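Engineer: Just need the structure, nothing else, for what follows:
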Amino acid sequence: MTYEIKQSSQAENDLANILEYIIFSLGNKKASDDFFNKLNKKILMLSESPLMYKTVKGEYIEFSDLRKMPVDNYLVIYHVDEKNKRIKLLRLFYQSQDYLGLI
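Structural biologist: Coordinates of the predicted model:
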């Protein structure tokens with residue numbers, strides 16, 4: 001069964017910032033388009049298999065209700081509501097960021 005996907009306003013802002021960075025700071029519109037397309041393909045796969053990615057784990061804590069999906073050099077943090085068949089995309093982070101302190 002396909003899960004409904006929602007995106008938080010913070011995830012929307014994160015994505016806009018990532019795309020702007022790739023376009024304006026790196027000067028690479030094609031890479032921005034490629035990243036956006038790859039992200040959308042992975043989100044479609046996620047809607048079919050939302051538990052396919054690992055849970056978010058820190059040094060002292062495990063966020064068993066949060067999962068992380070890698071897309072190139074970025075991580076998409078999301079929550080799965082199995083009861084209502086929904087996925088909420090919460091944040092997007094550069095992989096080397098200390099994202100645990102930001103979620």
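Engineer: Name the residues linked to the residue nearest the centre of the chain by a beta bridge.
Structural biologist: Most central in the chain under CA atoms, centre = their mean is Val76, positioned 1.7 Å from the mean C-alpha point. In this entry, Val76 is beta-bridged to Met69, Leu92, by DSSP bridges.
Engineer: And for Gln7?
Structural biologist: Leu89.
Engineer: What is the neighbour count of it?
Structural biologist: Neighbour count for Gln7, taken as other CB atoms under 10 Å: 17. Heads up, the C-betas are built off the backbone N, CA and C, glycines and all.
Engineer: got it, and the one 10 residues further on?
Structural biologist: Counted with other CB under 10 Å, the neighbours of Asn17 add up to 11.
Engineer: any idea how far Ser25 is from it?
Structural biologist: 10 Å (CB to CB, to the nearest Å).
Engineer: which stretches of this protein form strands?
Structural biologist: Along the chain, counting by DSSP state E, strands occupy 4-7, 55-57, 62-71, 74-81, 86-94.
Engineer: For Ile43, which of those is the nearest?
Structural biologist: Proximity to Ile43 (CB to CB) singles out strand 4-7 among the strands of the chain, at 6.1 Å.
Engineer: hmm, who's touching the closest one?
Structural biologist: Residues outside strand 4-7 that contact it (CB atoms under 8 Å, 6 or more residues apart in numbering): 43, 46-47, 85-89.
Engineer: Only whichever of these are buried, select them in PyMOL.
Structural biologist: The PyMOL command for the buried members of these (criterion: 16 or more other CB atoms under 10 Å) is given here:
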select buried, resi 43+46+47+87+88+89
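Engineer: Would you mind listing the buried residues in the lengthiest helix in the chain?
Structural biologist: Ordering each helix of the chain by length in residues (DSSP state H) puts helix 29-48 first. Within helix 29-48, the residues that qualify as buried are 32, 35, 39, 42-43, 46-47, counting by 16+ other CB under 10 Å.
Engineer: Show me what that helix is packed up against.
Structural biologist: Helices and strands touching helix 29-48, by 3 or more CB pairs under 8 Å, 6 or more residues apart in numbering; DSSP states H and E, are strand 4-7, helix 9-20, strand 62-71, strand 74-81, strand 86-94.
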